[in-house]
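1. From the sequence below, what's the structure:
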Amino acid sequence: MIINCLIIDDEPLAINVIKNHIKEIDNINVIDTFNSAIDALNFMKSNTVDLLFLDINMPLLDGLDFIKSLDKKPMIVITTAYSEYAIKTYELEVLDYLMKPISFPRFLKTVNRAFKELNSNLTSNLKVAKRAHIFIKVDKKKMQKIYLDEILIIESLRDYLKITTISNKYIIHSTLSSFTEKLPSNNFIRIHRSFTIAIDKIEAVQGNSVEIDGFKYVIGRSYIEHVKNRILQ
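-> Down below sits the predicted model:
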């Protein structure tokens, strides 16, 4: 995990102090520095930033108004020589408030907090991410959810399909063509007029067949070139 940060301060010496501290810490990268909050704001419109080190007293646009102008806020650390703004900045949900001159031990504590915050956000995003799935009609009244990453193979049985997953088998009324069209083409491929398979579940390729879950499935003659190109690329 790498934190990409900006330093925004109208004092070059203050910027250099933070840059020198950052040089001593792994996995944090200064992507740019600005003496003007307005210039930084324009930069952020087209660039992704994880963390800001932000001074308050700056010309034209001060740090507090800068924060209020952001549509999407990264993590923000205030760097200032004045203590009286602390309450106002915490109301703006800043990560930390560093008083100048900034010592390295205090700076390191803040950066570690930023890493912890970023990791927590990434974990939360993974938890709420929807796992891809579809619903299939297994009888007149029941629609069954199946997760796409559990499907091994779909086999045509004339007007019906047998869907084999990691833990179950389902028989549904459908054609292989129409069902395959509903699946993401980067994850599934039709290998025969009777079979569509999950590419990531292939365990081996031998001659004109693939092996999935210990069973071999023949690749149709008209499919073999396309299938092998996809599987072995």
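
2. From here on, just use CA atoms for contacts and neighbour counts.
-> Fine.

3. Moving C-terminal from the top helix by length along the chain, which element do we reach first?
-> In the chain, assigned by DSSP state H, the helix with the most residues is helix 104-128. As assigned by DSSP states H and E, the chain's next helix or strand after helix 104-128 is strand 133-137.

4. Quick one: mean pLDDT for the helix or strand just after that next one?
-> The first helix or strand that comes after strand 133-137 along the chain, using DSSP H and E, is strand 143-147. Averaged over strand 143-147, pLDDT sits at 93.

5. quick one: contacts of stretch 40-56?
-> 3-10, 33-34, 62-64, 66, 70, 74-80, 114 (CA atoms under 8 Å, 6 or more residues apart in numbering).

6. give me the beta-bridge partners of residue 145?
-> Assessed by DSSP bridges, residue 145 has beta-bridge partners residue 135.

7. distance of it from residue 134?
-> Distance, residue 145 to residue 134, using CA to CA, to the nearest Å: 6 Å.

8. do the same with residue 227
-> In this view, residue 227 and residue 134 are 24 Å apart by CA to CA.

9. Could you list everything residue 8 pairs with in the sheet?
-> Residues in a beta bridge with residue 8, per DSSP bridges, are residue 34, residue 54.

10. nearest residue to residue 61 other than its sequence neighbours?
-> What sits nearest to residue 61 in space, not counting adjacent residues and going by CA to CA, 6 or more residues apart in numbering, is residue 37, at 6.0 Å.

11. what's around that neighbour, how many residues?
-> Around residue 37 there are 25 other residues, counting by other CA atoms under 10 Å.

12. can you list the domain ranges for the chain.
-> Per automatic domain parsing, the domain ranges recorded for the chain read 3-128, 133-232.

13. same question for the first one, mean pLDDT?
-> What it means is domain 3-128. If you average the pLDDT values across domain 3-128, you get 91.

14. chain center to that domain, what's the gap?
-> Relative to its chain's centre, domain 3-128 lies at 22 Å (CA atoms, centre = their mean, to the nearest Å).

15. Checking residue 180 next. Helix, strand or coil?
-> helix (DSSP: H, G, I helix; E, B strand; the rest coil).

16. and it, how many neighbours?
-> Applying other CA under 10 Å, we find 17 residues neighbouring residue 180.

17. How much space separates it from residue 145?
-> Per CA to CA, residue 180 is found 16 Å from residue 145.

18. same thing with residue 50?
-> As judged by CA to CA, residue 50 and residue 145 stand 37 Å apart.

19. With residue 46 instead?
-> Distance from residue 46 to residue 145, counting by CA to CA: 40 Å.

20. Between these two, point out the one with more neighbours.
-> residue 145 (12 against 8).

21. Looks like the more buried one contacts residue 132 (just checking).
-> No - using CA atoms under 8 Å, residue 145 is not in contact with residue 132; the gap is 10.2 Å.
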